[in-house]
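Okay, structure incoming, though there's no sequence with it:
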């Protein structure tokens with residue numbers, strides 16, 4: 001396998017495509033799966049209380065309906081790598097688009113609670129696939145000099161999807177006179193919220209027909225000439241295409257299709273690099289970021305904010321999420337992945353700690369005292385900002401870059417699957433934990449944010465500026 005001690009001869013590291021706009025379009029189209037990932041993940045925020053009342057269920061049962069999609073996410077993430085290695089990255093995107101569409105229709109028209117749960121699992125499987133295929137595909141087609149920024153498109157698309165879902169939810173709620181169960185087009189408002197996802201799902205499917213297959217998959221399938229064409233598209237004419245194909249073939253020569261057993265080894269079952277990927281995924285979720293997107297309207301209502309304002313605060317949080325992501329996209333290739341992660345961890349500790357303090361006060365007339373209420377609101381936005389400018393982006397960039405070619409697809413699948421399992425644990429536990437002690441719940445998230453600092457310092461290696469063939 002090519003290493004840093006054996007410099008690449010093709011000029012790939014300095015590749016600058018003549019038509020950068022075309023490469024940006026390719027990355028943006030692939031990241032549309034991230035948009036659906038964000039939209040489908042967060043749109044449920046607007047339906048939580050309506051589902052609770054329509055089906056007359058308590059916090060524990062409600063949490064399972066909300067979180068069950070994450071089981072589908074874990075399965076989709078775990079299997080996407082193998083599917084992509086067998087049939088290609090583009091076919092995976094098309095399958096994901098179909099599942100998103102079907103899930104949106106089914107979720108909007110459930111005839112029972114278990115039916116709604118089933119369609120959420122289907123949507124979750126699509127999210128899991130998109131969470132793996134997006135960053136892997138972008139990492140494989142992006143020139144090394146632009147890979148960090150283009151890899152950030154995945155997270156940018158996720159946060160835009162979250163924000164658009166909250167904006168749509170807010171608009172639908174207002175159209176229904178502030179009633180999540182108010183009638184719109186013959187359906188309850190929350191059903192319309194879930195059904196609108198059909199539109200971006202169809203667009204994702206159409207865009208998948210407009211972008212090329214990954215050159216690495218094409219070479220693995222024996223389609224070297226088509227791979228050269230794609231490499232010319234994305235890396236430019238100044239790159240020695242024959243040498244570039246030879247580099248990729250050399251990196252793949254001793255490889256076989258990555259499977260689960262390739263990840264085994266070392267002292268603790270998996271190879272150390274796989275555990276580091278799992279650790280990044282788990283820390284990203286255990287800081288409680290998705291509580292801000294799955295339950296924020298419910299959270300604000302629980303401390304005395306009226307429904308319309310709670311939906312608006314959910315939207316403003318999503319805008320802050322976008323701002324932070326843009327900051328990360330600007331700096332991820334300038335200062336590196338690891339420094340951003342450390343900066344974000346420190347900021348998250350501050351934001352989460354302040355939230356824990358604010359929520360420790362008793363409610364007065366069903367509301368937090370004024371000072372604590374404002375601190376909670378500002379701290380929530382600080383937390384989301386620092387997450388977005390760091391862990392929200394760099395984890396996906398790391399997972400697309402850090403693994404050796406031989407195990408990349410399978411390792412990324414396992415790491416993403418671990419992320420969804422961690423996400424499920426946080427999502428399923430939050431309503432019950434919040435009923436028990438909201439302040440201590442945020443103390444727990446603060447502790448995980450603090451622990452992420454020594455984890456990054458000790459175990460994570462910078463990947464800035466390296467080609468994929470240099471990993472491992």
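Sure thing, it's come through. Bear in mind that the values here come from a model prediction, so they are computed numbers and not experimental data. Numbering: from 1, shown residues only.

low-confidence ranges in the chain?
Scanning the chain with the threshold set as pLDDT under 70 gives 1-19, 254-262, 266-267, 302-305, 307, 465-472.

got the residue ranges for the strands in it?
Assigned by DSSP state E, the chain shows strands spanning 183-184, 187-188.

Go through the ones you listed and name the closest to residue 94.
strand 187-188 (28.3 Å; C-beta to C-beta). To be clear about C-beta, it is placed using only N, CA and C from the backbone, and glycine gets the same treatment.

List the pairing partners of the closest one within its sheet, with orientation.
Sheet neighbours of strand 187-188, with direction, are listed as strand 183-184 (antiparallel) (DSSP bridges).

Could you report the separation of the closest residue in space to residue 313 that isn't next to it in sequence from residue 367?
Among residues not flanking residue 313 along the chain, residue 300 sits closest, at 5.4 Å (C-beta to C-beta, 6 or more residues apart in numbering). Using C-beta to C-beta, to the nearest Å, one gets 10 Å for the distance from residue 300 to residue 367.

ditto for residue 174
In terms of C-beta to C-beta, residue 174 sits 23 Å off from residue 367.

phi, psi of the residue located most distally from the centre of the chain?
The C-alpha centroid of the chain is most remote from residue 365, which lies 38.2 Å away (C-alpha atoms, centre = their mean). Note on residue 365: its backbone torsions stand at phi 60, psi 40 [degrees, to the nearest 10].

State the distance from it to residue 373.
12 Å.

swap in residue 98?
44 Å.

Tell me which of the two has more neighbours.
Counted by other C-beta atoms under 10 Å, residue 98 and residue 373 do not tie: residue 373 has more neighbours, with 19 against 14.

any idea how far residue 220 is from residue 250?
13 Å.

Between the two, which is the more surrounded one?
Legend: neighbour count by other C-beta under 10 Å for residue 220 and residue 250, higher for residue 220 (18 against 13).

Next one: the closest residue to that one other than its chain neighbours from residue 188, what distance?
Excluding the flanking residues, the one nearest residue 220 by C-beta to C-beta, 6+ apart is residue 252, at 6.3 Å. Applying C-beta to C-beta, the value for residue 252 to residue 188 is 52 Å.

So for these two, which sits in the more crowded spot?
Counted by other C-beta under 10 Å, residue 252 and residue 188 do not tie: residue 188 has more neighbours, with 19 against 16.

can you pull up the bridge partners for the more buried one?
Assessed by DSSP bridges, residue 188 has beta-bridge partners residue 183.

Tell me which of residue 300 and residue 367 has more neighbours.
Comparing residue 300 with residue 367 by other C-beta under 10 Å, the one with more neighbours is residue 300, at 24 against 12.

Can you tell me how far the more buried one is from residue 74?
Relative to residue 74, and taking C-beta to C-beta, residue 300 is found at 29 Å.

likewise residue 30?
Separation of residue 30 from residue 74 (C-beta to C-beta) stands at 22 Å.

okay, these two: which has more neighbours?
residue 30 (31 against 23).

Contact partners for that one?
For residue 30, the contacting residues are 89, 93, 133, 134, 137, 138, 141, 153, 211, by C-beta atoms under 8 Å, 6 or more residues apart in numbering.

Kindly report the same for residue 67.
Residue 67 is in contact with 424, 427, 428, counting by C-beta under 8 Å, 6+ apart.

Tell me the one of those residues nearest residue 48?
Among the contacts of residue 67, and counting by C-beta to C-beta, the member closest to residue 48 is residue 427, at 11.1 Å.

Surely that closest one is in contact with residue 70?
Yes: look at residue 427 against residue 70 with C-beta atoms under 8 Å: they come within range, at 6.1 Å.

Relative to residue 27, how far out is the closest residue to residue 182 other than its chain neighbours?
What sits nearest to residue 182 in space, not counting adjacent residues and going by C-beta to C-beta, 6+ apart, is residue 176, at 3.0 Å. If you measure residue 176 against residue 27 using C-beta to C-beta, the figure is 37 Å.

more neighbours, those two?
Taking other C-beta under 10 Å, residue 176 and residue 27 do not tie; residue 27 has more neighbours (27 against 19).

Verify the contact between the more buried one and residue 140 for me.
No: using C-beta under 8 Å, residue 27 is not in contact with residue 140, being 10.8 Å away.

Near residue 461, how many residues? Count them for me, please.
There are 12 residues near residue 461, going by other C-beta under 10 Å.

show me the contacts for residue 128.
Listed by C-beta under 8 Å, 6+ apart, the contact set of residue 128 reads 72, 73, 74, 75, 76, 77, 78, 79, 80, 416, 417, 420.

likewise residue 338?
394, 456, 460, 461, 462 are the contacts of residue 338 under C-beta under 8 Å, 6+ apart.

which residues does the third one contact?
Read that as residue 460. Contacts of residue 460 (C-beta under 8 Å, 6+ apart): 276, 280, 337, 338, 341, 398.

ditto for residue 413
77, 78, 79, 80, 81, 82, 132.

Now render the residues you listed as JSON lines, adding neighbour count.
Below are the contacts of residue 413 laid out as JSON lines (neighbours: other C-beta atoms under 10 Å):
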{"residue": "77", "neighbour count": "29"}
{"residue": "78", "neighbour count": "20"}
{"residue": "79", "neighbour count": "17"}
{"residue": "80", "neighbour count": "29"}
{"residue": "81", "neighbour count": "28"}
{"residue": "82", "neighbour count": "16"}
{"residue": "132", "neighbour count": "30"}
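
Farthest pair within the residues you listed?
Pairwise distances across the contacts of residue 413 peak at 11.2 Å for 77 and 82 (criterion: C-beta to C-beta).
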